[in-house]
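**Student:** Quick one, fold the following:
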Amino acid sequence: MPLTEEIRMRRKVRLSSVRYRLPLQVAKVLRLCRGDSYPICPRCECTLEREYMHFCDRCGQHLGWARFDFAQVIDAPRKHG
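**Tutor:** The predicted structure follows:
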């Protein structure tokens, strides 16, 4: 691998690790049929166990909560059975 390609790869890895440290705003909430609601991680789209966590427990993304009051509410599909 040429030196310039190696440098580009290192920069790419470094930038991707820095992006996890910058907070992404939580903008979606999943509402279950029984009334419980869970915030959704903006990076991995998994539900979070609690509101106002500093980091996603699955992907490690730093979370921002400044606009959480205006989050989009998504109703979970109901199971028929």
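
**Student:** okay, now residue 78: neighbour count?
**Tutor:** 8 (other Cβ atoms under 10 Å). For glycine as for every other residue, the C-beta is placed from the backbone atoms N, C-alpha and C.

**Student:** I'd like the numbering to begin with 188 instead of 1 from here.
**Tutor:** Got it, first residue is 188 now, which makes that one residue 265.

**Student:** quick one: contacts for the closest residue in space to it that isn't next to it in sequence?
**Tutor:** By the measure of Cβ to Cβ, 6 or more residues apart in numbering, the closest residue to residue 265 outside its immediate chain neighbours is residue 220, 5.4 Å from it. When contacts are counted by Cβ atoms under 8 Å, 6 or more residues apart in numbering, residue 220 touches 262-263, 265.

**Student:** among those, which one has the lowest pLDDT?
**Tutor:** Among these, residue 265 carries the lowest pLDDT, at 82.

**Student:** and the gap between that one and residue 234?
**Tutor:** Distance, residue 265 to residue 234, using Cβ to Cβ, to the nearest Å: 17 Å.

**Student:** Below-threshold pLDDT in this protein: ranges please.
**Tutor:** 188-190, 200-204, 268 (pLDDT under 70).

**Student:** rerun that using 80 as the cut-off
**Tutor:** 188-190, 193-207, 266-268 (pLDDT under 80).

**Student:** quick one, helices of it?
**Tutor:** 190-206 (DSSP state H).

**Student:** Strands of that one, start to end?
**Tutor:** 211-212, 215-218, 224-227, 250-251, 259-262 (DSSP state E).
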